[in-house]
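> Just to be clear, the model below is a prediction. Sequence and coordinates:
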Amino acid sequence: MDIQWASYMQPLSYQLAHTTTLRQAARYFSSQKVHVVVIVERGRVVGILESEQILAHIDELERLVSDIMQPVQTIGIEKVSLEQAFPVVVENHQHQQIGLLTKDVMHVLMKDFMERYGLEKRAFAMTLQHAYEGIVVVDSNGVIVEFNDAYSRFTGVPHANAIGRHVTEIIENTQMHVVVKTGIAERNQQQLINGQEMRVHRLPLIQKGVTIGAIGFLMFEEITKIYNVYDQMHQNNLLQQSSHMKDTLHTHERDLIIQVLKEHGGNKVKAAEALGIHRTTLYQKLKKLHIEQGE
């Protein structure tokens, strides 16, 4: 976890000399409307004082702040880590004290991490469900934890029925559970699914040197194959909502043609060759799918 500690430091703006009395400190807290100040001796921060500590010694207001302050160590910013005790004063490479990390920093860090994780998880979920490829994610035991709409439509297995099941129960001839055990990626593999030879990628998910799962991609190699898959599924009565699937395939075909045209600078001859179709067929599809030049 790469933490920018400087973003979590409090400035050393509010200071009291170590010879200050608690009465004087109480007045300072009230005037500055702060809850924590640093205690300074000979120009260096040696401790911190919180308003609650003054309240705990309300009958001893003539005592010095140095008597009840919490001593703090100073540490270089490059050495700060999650394993150490807080609070600490942080110094730069010139040994200048530049900020304070209080005991609350862990709570703030965790809050920020959870918000960031939530955003990343939502972004991943959106990407997963809008991908044209079939995507499946399994944990270290080969149990499915993610199963996107494309894979669900292709296999005919509802998303809810796939989650929590072992991948071998849902996907024919899969090797995802093997990739989890070996930690070795398998790219451009042929896999027979629903009577169709499909191209798949299987990649291990590795964290700190340990394989924690795997992600698999079911690739539709070309437009004609997508339609062949559709026809085969239709004949086998594996597709109940054929109109919805047909619309999805048309959308995929349109987006793919536009992408290939852009890659070839609008050259229809080269685009047709890349798509594996005759240029006359491409012209027909441009008209049928309402694709205009420069789109």
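Looks like it arrived, so ask away.
> which other helices and strands contact whichever strand or helix holds Lys285?
Lys285 is part of helix 279-288 when elements are defined by DSSP states H and E. Counting by 3 or more C-beta pairs under 8 Å, 6 or more residues apart in numbering; DSSP states H and E, the packing neighbours recorded for helix 279-288 are helix 242-263, helix 268-275. (Each C-beta comes from the backbone N, C-alpha and C, glycine too.)
> again, 6 Å this time
Here helix 279-288 touches helix 268-275, going by 3 or more C-beta pairs under 6 Å, 6 or more residues apart in numbering; DSSP states H and E.
> Mind giving me the packing neighbours of the helix it packs on?
Looks like helix 268-275 contacts helix 242-263, helix 279-288 (3+ C-beta pairs under 6 Å, 6+ apart).
> where does Gln189 land on pLDDT?
We note a pLDDT of 84 for Gln189 in this prediction.
> Count the neighbours of the residue lying closest to it once chain neighbours are set aside for me.
Spatially, and ignoring its direct neighbours in sequence, Gln189 is nearest to Val200 (5.3 Å; C-beta to C-beta, 6 or more residues apart in numbering). When neighbours are defined as other C-beta atoms under 10 Å, Val200 has 23 of them.
> does Val200 sit in a helix or strand, and which one?
Short version: Val200 belongs to strand 196-207, going by DSSP H and E.
> by contact count, what packs against that strand?
Counting by 3+ C-beta pairs under 6 Å, 6+ apart, strand 196-207 packs on helix 176-182, strand 186-193, strand 210-219.
> one step back: least reliable of the helices and strands packed on helix 268-275 by average pLDDT, please.
Among these, helix 242-263 scores lowest, with a mean of 67.
> before we move on, back to that, to Ser152, which of the helices and strands packed on strand 196-207 lies closest?
strand 210-219 (11.0 Å; C-beta to C-beta).
> Direction included, what does that closest one pair up with?
Paired with strand 210-219 in the same sheet, following DSSP bridges, are strand 134-139 (antiparallel), strand 196-207 (antiparallel).
> out of the ones you listed, deepest packed?
strand 134-139 (a mean of 22; mean count of other C-beta atoms under 10 Å).
> what sits up against that one?
128, 144-148, 150-151, 154, 167, 176, 213-218 (C-beta atoms under 6 Å, 6 or more residues apart in numbering).
> now it and strand 186-193, what's the angle there?
110 degrees (axes from the mean of the first three to the mean of the last three C-alpha atoms, to 10 degrees).
> All good on my end, thank you.
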